[in-house]
Structure formats: structure tokens, C-alpha cells
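Colleague: pasting the structure only:
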């Protein structure tokens, strides 16, 4: 064993322990931390013809790299809502809309996708539905946390 | 499931490191773009694993328009967030569930002589407990620094680790301008010690509150924080003859005899508090506050009588309020943080919830574990440092 290997610090959160990665020249990818953010239109809680529902919206994945989505959390919200996601192929990541109360609000402890879900370069994180449940003005921002997978030349 | 422990590349070792950004120099209400924390040469490459403190330099009052945003770049200048991200206070939830700190997964490497660059939108600096300064408005970039050589964690002998916690007090005075550094050196005795986690508690002051007629309230608080204040008691007795208010102190017992010369004013809690505060012996033990007498009030807020022991000394104050800037040194006297950081960042009991040292720091027998603290407190208090770790018992 490498003498400089860390012991497992049980007082530390798991992300703080360091994560061993296979060398890029073996995997063909160079992973870099990245967060895609979804800023939906402001939801006005319905009533008087105002928007309380957003359908078929999306977050565009950059064309420079694939994206491996580890998890998500609510970066900002002012009231309860429900949301349903799908990937670029139309695969629904959930059977129905998920209540915001079941979502993490913490970057250091996001709600994870297990296994992590891949999105190809130029693809989209599809927001099938986002609906306000608060009945009032609701501003939200949702963070999709993962790594950008930059392709590198594999060792022959 | 098999756990794969983290290893730096062969020939290198890691030490815990926190680079901080002093947000007190920023201006409230404006955007601060292209800010940076330089990774100075000599410390080794920096591996970033969490960034924190955005809530301490950005507005986060809630709502959309009033909330600050940030965007951080990697060493090559590429943003880590697609667009500026709102600093989160957990929406309708509490600050305890926030995104004021950000896990950087897997991790991010910054070579020496590069910078951690970031943009801040809608700056609002956190205010220190005193209400006028902003020393605790900091950003922290926490991870490890990577150096060439063999790890100091490796022991040259066989040992059996046993859990151990060093607990020691640090007496802090109220904040001064400029900040005063209190250095505490803890001798590491008997066995080599591995430092794994830090927990810091500020001890509360013992006190009592008594209510008399007319909503007269008398509150007495021990000058010295901690359990020592629990040994103080205040006896308030009615006058036996026509006298002004008198205060006498015997040991930790303070006796107040109410006056009778002009009862309408001398028996008020306000008058008693003034008498207690003006007596040098009494005021060295307690600080007193009484209800001011409004003009023409009826009934007069009079002082209760009886024996009132002070209680509650040593109870932990909230870990979510910054109490000091602190620096921890390794056995060679090298700071674990680049500069003193606000205690919230490295205190397991604060809302950042992480006081771990990864990898642990080793202090050999007969060395010192030195901690510097610069008080941000409004009044003097005792801080109890709890250093969790392991002793290496040779076998």
C-alpha cells in the first residue's frame, strides 16, 4: 500500500475523504466537477391566469463534453413545488412528479442518482413538469451536480 | 463493500489546508467580480474538496432578487457552475440545511502559483457579534496541499491506536481593535497524537432573572463565563432601618439590603442594579440590569427579595455565531490554514458541520499543539477546545 494513503476519517463527510479515480489515460475520460443550473420561469402559484406549471423545459448540456450527473439539490426556492425529470432520450428518471420536500437543499449532501446518470454532449436534462404547490410567488433554482467527462487519448 | 482509501501519487503526501479569502474588504450591495485567492508557492499544489462561506459574504435574506450569487473557476479559468448560482439558505428551511458550503466532487487541483478565481454578485458581508466589524466575512477553500516526500503520518514503530480527546480551555477577552491573538500551547505528553477532528464550544455565563412588583425585572450575569459563575449567589433583603441601598460581598455571596430613605426610587430593580454595578467587588463578579422606572409609573417596578443563586454557567452557546478567528499549527509550528479563519469553518459544531482534519495531523510526543485565537466576542468568555483523535500506544 502507498505509505501516504489516508486513513478513513470517520469524523469527516464522505466527500471530504478524497475519491480515488482511475487514470484518465486508462478510462479515456478526464472528469471535471461541474454544476448545471436550472432557472425556471417564476411560478406565480396559479390564479388570475398566472403560471403555476412549466412543462417540457430543459437544461442544455454543453457540447464540449458529456455530463455524468451524480445528484441534485435545490439551490433556491421560496415555496414547495413538484418536478419530474427525463434524459435526452426521453427516459423518465421518475414515474411521476417528485415533491420538493423529498429533495436535498444542501450542496454537500445532495440527493444522489445511483447509479450516476449520463447525458451526452449537446443533450438535455428534460424538465417534464415543474409545478408550484405553494399557491404563492415561487422562485426556484435547481442544481444538477456531476462531472464533465472530457475525452482524452487512451494509452495504446 | 470494499473501501478504497485515497492515495496521493507515489512520492507525494498530503496535508490538510484551508485557503481563505478576506471578504471584509468588499463593499456591500455591489458585485465583486474577478476576485481571487492566490495559491502561493511553497505550500505545494492545492487539492480543493469543499468551498464554503458564501453565505458570509453574499446577501441571503431569501427571495429571488435579494439573494447573492457566485460562480467559481478552476485553475484554467473555466467556470464550475454553468451560470451564477444562488447562495442557498435552504429556501423556507433553516440555515442548517444550506448550500453555503459546496462539495467539490471528485476534487479539483490547483498548482502552485495559480489562483482560485470567483465572481460574487450582491455582496453583503456578515457582521461580527459586536455589530460593527466584518472579520468573520470570509470565504474558505478547504482541501489538502500536496508535497513531495514521505508522509509524516507514517510511524517508524509498531503501535496500537487508542481513541483520545484533548480538552482544554482558552480564555478570551472581548474583541479588540486591532484583533488580539491569544496563543495556547497544549503539550503532547505520553504518546504521539493524531488530530482527527475539532469541536469548539463557547461557555455561557451563569445568570438569574427575578421579577418583582410592577414588572420590575432584575437580571444578574456572571462576569466570568463557565461553571465558575454557578457558585455566585445574590441575597436581597429588606431594610432593617432607614438606610440607603447597601451592597456587601463575602466570597461569592453578594448581599443587597434595600434602602428605605426614599422607597419610591430606592427599592426599584433599576436602583439595585446600579448599586450592584457601582460596587467594585460586586461588579467584579456580576453585571446587573434592572428595569428603568418610567415616569409616573404605578406600581413602581420594585425589587424582589430572597436568595438568588446564579445558574447555567458553562452551557454551550450556539456554535452558529462566530466567536473567533483561529489558526491551528502542526508540530513544526506551521499553520494548517493559510491565515486565521473564522471558527465556523473548522468547528464540527457550527452549521458547516465539518471540523475534520483529512488526512489527520500527527503530533509526536513532547511536541506542542498550538492554537491561536483572535476574539470576536462582545464580552469575555471561555472557549473549550475539544481535539478528537488517537494516541499511538507502542506495542
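Modeller: Sure, I can see it. Computed from a prediction, not measured in an experiment: that's the story for all the values here.
Colleague: element containing residue B:271, please.
Modeller: helix B:269-278 (DSSP states H and E).
Colleague: ok, now residue B:254?
Modeller: Using DSSP H and E, residue B:254 falls in strand B:253-257.
Colleague: low-confidence stretches in chain A?
Modeller: Within chain A, the segments meeting pLDDT under 70 span A:45-51, A:155-156.
Colleague: any idea how far residue A:119 lies from chain B?
Modeller: 13 Å (C-beta to the nearest C-beta, to the nearest Å). Bear in mind the C-beta positions are built from the backbone N, C-alpha and C, glycine included.
Colleague: all helices for the chain, in order.
Modeller: Let's take chain A. Taking DSSP state H, the helices of chain A run over residues A:24-27.
Colleague: other chain: chain B
Modeller: Going by DSSP H, chain B shows helices at B:54-57, B:263-266, B:269-278, B:280-285.
Colleague: deepest of these, which one?
Modeller: helix B:54-57 (a mean of 26; mean count of other C-beta atoms under 10 Å in any protein chain shown).
Colleague: got the contact list for that one?
Modeller: Helix B:54-57 has contacts (C-beta atoms under 8 Å, 6 or more residues apart in numbering or on different chains) with B:21, B:23, B:26, B:68, B:70, B:87, B:89, B:95, B:98, B:100-102, B:120, B:123-126, B:136-139, B:342, B:344.
Colleague: hang on, the earlier thing: ranking the helices of chain B by mean pLDDT, which is last?
Modeller: Per-stretch mean pLDDT for those is lowest at helix B:263-266 (a mean of 53).
Colleague: circling back: next one: the strand holding residue B:254 to chain centre, how far?
Modeller: 35 Å (C-alpha atoms, centre = their mean, to the nearest Å).
Colleague: do the same with stretch B:343-361
Modeller: Worked out by C-alpha atoms, centre = their mean, stretch B:343-361 lies 12 Å from the chain centre.
Colleague: cool, stretch B:35-42 as well?
Modeller: That offset, for stretch B:35-42, works out to 26 Å (C-alpha atoms, centre = their mean).
Colleague: identify each buried residue in it, please.
Modeller: B:35, B:37, B:39 (16 or more other C-beta atoms under 10 Å in any protein chain shown).
Colleague: just give me the neighbour total for residue B:321.
Modeller: The number of residues packed near residue B:321 is 15, by other C-beta atoms under 10 Å in any protein chain shown.
Colleague: now for it: which residues touch it?
Modeller: residue B:129.
Colleague: per-residue confidence for it?
Modeller: 88.
Colleague: residue B:58 and chain A, how far apart?
Modeller: Counting by C-beta to the nearest C-beta - residue B:58 and chain A are separated by 12 Å.
Colleague: what's near enough to touch that residue?
Modeller: So residue B:58 contacts B:67, B:68, B:69, B:70, B:87, B:120, B:121, B:122, B:123, B:124 (C-beta under 8 Å, 6+ apart).
Colleague: one more pass at 6 Å, please.
Modeller: B:68, B:87 (C-beta atoms under 6 Å, 6 or more residues apart in numbering or on different chains).
Colleague: who does it bridge with?
Modeller: residue B:123 (DSSP bridges).
Colleague: per-residue pLDDT, it?
Modeller: 90.
Colleague: that one and residue B:368: what is the separation?
Modeller: The gap separating residue B:58 from residue B:368 is 38 Å, by C-beta to C-beta, to the nearest Å.
Colleague: same question, residue A:66
Modeller: For residue A:66 relative to residue B:368 (C-beta to C-beta), the value is 51 Å.
Colleague: the two - which one has more neighbours?
Modeller: Neighbours were tallied for residue A:66 and for residue B:368 using other C-beta under 10 Å; the higher tally belongs to residue A:66 (20 against 14).
Colleague: quick check: the more buried one touching residue A:121?
Modeller: Yes. Between residue A:66 and residue A:121 there is a contact under C-beta atoms under 6 Å: 5.3 Å.
Colleague: pipe the buried residues of stretch B:35-42 into CSV and attach pLDDT and distance to chain A per row.
Modeller: What follows is these, written out as CSV (pLDDT from 0 to 100; distance: C-beta to the nearest C-beta, whole Å):
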residue, pLDDT, distance to chain A
B:35, 97, 19
B:37, 97, 17
B:39, 97, 17
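Colleague: which of these sits closest to residue A:4?
Modeller: Among the buried residues of stretch B:35-42, residue B:39 lies closest to residue A:4 (C-beta to C-beta), at 20.4 Å.
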